[in-house]
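Trainee: build me a structure from this.
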Amino acid sequence: MPTLLLAQLYDYQWVVGIGPNNPADIEGGTLLDFHTDPVSISYRPLASSGRTDAFTNICNAEGVLQLYSNNCSIINEQDIRIQSGNGLNAPGYDYQFHCGSGPNGGGYNTRSSFFLPMPGAPDKYVLFQLRYDFPTTPYSFYHVESLLYSMVDADAANGQGAIIQKNVLIAKDTLCDMLAAVRHGNGRDWWVVCPQFNSDQSFLCLLTPSGVQGPYLRTTPLEWPGELNGFWWEQAVFSCDGQRYARANSRNDLQVFDFDRCSGEFSKPVELSLPVEAKYTCGLALSASGRFAYISTGVKIYQFDLAASNPQASRVLLAEYDPFTDSLATSFNAMQLAPDGKIYITNTNGIYRLTVINNPDAPGLACNLVQHGVELPSKIGLWVPNFPNFRLYDQQGSLCDTLVSVAVHNAPKPVSILSVAPNPAQDFVQIGYLSEQVGQLQIFDAAGRRVWSQVAAQGSQAEQVDVSGWSAGFYQVVLRVGRAVVRQRFVVIR
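Mentor: Below you'll find the model as predicted:
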């Protein structure tokens, strides 16, 4: 399956915005298109029936928009509500309050829903959702109780799309509003993780060609405490290589774990604290290399160096709200690492600005954070779309990598070695390899575009690649023999 490395652009177009469509009042939709460098930003009307916002979306593997959702309904790229596409997360307190009985609604619901492509079915997508059920105690609607999924066939209904499974319950408990996903070590399936509130347990499920499997309980070696009458804005992410899982909120600060993509097990917990100060929201992102963690507290943004001998001592204050306004304060909220290697940060209000970290893999102020530096043609809500790293594949050399490397690639995997240094790199990278057969060395950028290629000779060899003119960002180095990817490494270019 060589296309795995060439076209996994499910996150290449972001649809954000707040309806109804009214450009004069800076309302409607915005499209961020990462097919261009720099990102192309344009006004995009949203579905016109009712007040339809855009919270999450998905493209096809080639990066063409397929679906978006306001957590009340699902809309296709033609801005038409798909067949059976309303009633997401119903019934429930938050659905009733924000979506009502309208065909599209103007939902709020949870902040961490996302679409994933169905393995082996290019026209099917699965929306993972969290639902605030009807509260049984005061303020308990602040905490989700149901993890659900809905499956979409984008080719059904004469190409307009249809929901073929809706609001299917995966787990019901007191949950956290911070869904995250990472590709399984077999390179095909997906892990979806949702922590249990006030616990050291997390619910996991697997998305496979057979559907959603689970839930499975895994222990996160640190508890995630809180009280039901608290309003905890939170976010969780995986590193681009899938080897680390991080989560943060305004009470518990930052927790980081190693993650086993084969077994779904968490280990080696690290707790990182923030200063005692007013913290009312929380956003979190990891740089492309996974070295630096960024966390927002509403009015401040901090950086931690996870590779430091003492990550706690590496904490740097990067920004404090200035206080610029666009009719409302442009303070800091959720974060998302984008295909261009930058981190975009939304606000706590519906305004038309994003904060951006231009060089997330640089230490301290060299990361070049610009407050409210990205102007949009329409206001957006509190959140940008929640995307995993779609360009992560099988975990080479693991106990579970044979599914893709053998069954899918249908080619032998010779013994091989692949090394890349220095990492991060600036002027050159030295690629060392050992291959039992003649193959190909290839380098792909974050967009999945091949930027360098050379024949890999049989035996032990070394190649030096001049990267001095390359754009800063996240790159993948691949050793391929025939159709089989036998080794892969990741490198950051500064």
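
Trainee: drop to CA atoms for contacts and neighbour counts, all remaining ones
Mentor: Noted.

Trainee: low-scoring stretches of this protein, by residue?
Mentor: Along the chain, the model assigns pLDDT under 70 to residues 1-7, 48-52, 94, 100-110, 134-143, 228-232, 396-397, 401-416, 447, 483-485.

Trainee: can I see the domain layout of it?
Mentor: 2-375, 411-493 (automatic domain parsing).

Trainee: need the winner for burial among those domains.
Mentor: When those are scored by mean count of other C-alpha atoms under 10 Å, the highest mean neighbour count falls to domain 2-375 (a mean of 20).

Trainee: now the domains of the chain in JSON lines, with distance to Pro388?
Mentor: Formatted as JSON lines, the entries for the domains of the chain read as follows, by distance: least, C-alpha to C-alpha, whole Å:
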{"stretch": "domain 2-375", "distance to Pro388": "6"}
{"stretch": "domain 411-493", "distance to Pro388": "13"}
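
Trainee: relative to Leu399, which of those is closest?
Mentor: Across the domains of the chain, the minimum distance to Leu399, taken as C-alpha to C-alpha, is reached by domain 2-375, at 7.4 Å.

Trainee: now the helices: where do they sit in the stretch 1-150 of the chain?
Mentor: When assigned using DSSP state H, counting those that start in this stretch, the helices of the stretch 1-150 of the chain occupy the ranges 93-98.

Trainee: with the stretch 301-450 of the chain instead?
Mentor: With helices called from DSSP H, counting those that start in this stretch, the stretch 301-450 of the chain shows them at 402.

Trainee: same deal with the stretch 151-300 of the chain?
Mentor: When assigned using DSSP H, counting those that start in this stretch, the helices of the stretch 151-300 of the chain occupy the ranges 156-159.

Trainee: circling back: let me know which of the domains of the chain is the nearest to Gly381.
Mentor: For the domains of the chain, distance to Gly381 was read as C-alpha to C-alpha. The smallest value, 4.8 Å, belongs to domain 2-375.

Trainee: closest one to Leu382 among the domains of the chain?
Mentor: The stretch from those with the least distance to Leu382 (C-alpha to C-alpha) is domain 2-375; that distance is 5.4 Å.

Trainee: return the distance of the closest one from the chain's centre.
Mentor: A distance of 6 Å separates the centroid of the chain from that of domain 2-375, by C-alpha atoms, centre = their mean, to the nearest Å.

Trainee: distance of the closest residue to Gly242 other than its chain neighbours from Leu306?
Mentor: Taking C-alpha to C-alpha, 6 or more residues apart in numbering as the measure, Gly242 lies nearest to Val182, with 6.2 Å between them; neighbours along the chain are not counted. Distance from Val182 to Leu306, counting by C-alpha to C-alpha, to the nearest Å: 19 Å.

Trainee: Ala154 now?
Mentor: Spatial separation of Ala154 from Leu306 under the definition C-alpha to C-alpha is 40 Å.

Trainee: just the C-alphas of stretch 473-482, formatted as PDB.
Mentor: Only the C-alpha atoms of stretch 473-482 are listed here, as PDB (Å, rounded to 0.1, in the frame of the first residue of the first chain):
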ATOM      1  CA  GLY A 473       9.100  21.300   9.900                       C
ATOM      2  CA  PHE A 474       8.500  17.600  10.400                       C
ATOM      3  CA  TYR A 475       9.900  15.100   7.900                       C
ATOM      4  CA  GLN A 476       9.700  11.300   7.500                       C
ATOM      5  CA  VAL A 477      12.700   9.300   6.300                       C
ATOM      6  CA  VAL A 478      11.700   6.000   4.700                       C
ATOM      7  CA  LEU A 479      13.700   2.900   3.700                       C
ATOM      8  CA  ARG A 480      11.700   0.800   1.200                       C
ATOM      9  CA  VAL A 481      12.400  -2.500  -0.400                       C
ATOM     10  CA  GLY A 482      10.000  -3.200  -3.200                       C
END
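
Trainee: residues contacting it, please?
Mentor: Counting by C-alpha atoms under 8 Å, 6 or more residues apart in numbering, stretch 473-482 makes contact with 288-289, 340-341, 359, 411, 413, 418, 437-446, 456, 485-494, all of which sit outside it.

Trainee: circling back: hang on, isn't the residue nearest to Gly242 packed against Asn389?
Mentor: Yes - distance between Val182 and Asn389: 7.0 Å, which falls inside the contact criterion (C-alpha atoms under 8 Å).

Trainee: what sits in contact with each of these two?
Mentor: For the pair Val182 and Asn389, no residue contacts each of them under the criterion C-alpha under 8 Å, 6+ apart.

Trainee: now do the strands in the stretch 151-300 of the chain.
Mentor: Assigned strands in the stretch 151-300 of the chain, in chain order: 162-172, 180-183, 190-195, 201-208, 211-219, 234-238, 244-249, 253-259, 266-272, 283-286, 292-296, 300-305 (criterion: DSSP state E, counting those that start in this stretch).

Trainee: which elements pack onto the fourth one?
Mentor: In this case it means strand 201-208. Using 3 or more C-alpha pairs under 8 Å, 6 or more residues apart in numbering; DSSP states H and E as the contact criterion, the neighbours of strand 201-208 among helices and strands are strand 190-195, strand 211-219.

Trainee: which residue ranges of the stretch 301-450 of the chain form strands?
Mentor: Taking DSSP E, counting those that start in this stretch to define them, one finds strands in the stretch 301-450 of the chain at 316-320, 335-337, 343-345, 353-357, 369-375, 416-421, 428-435, 439-444, 450-456.

Trainee: how about Asp466: what's its closest non-neighbour residue?
Mentor: Phe428 is the one closest to Asp466 (C-alpha to C-alpha, 6+ apart), at 4.5 Å.

Trainee: which residue is the nearest non-sequential neighbour of Leu46?
Mentor: Counting by C-alpha to C-alpha, 6+ apart, the residue nearest Leu46 is Gly29, at 5.5 Å.

Trainee: quick check: that neighbour touching Pro23?
Mentor: No - with contact defined as C-alpha under 8 Å, Gly29 and Pro23 do not form a contacting pair (9.0 Å).
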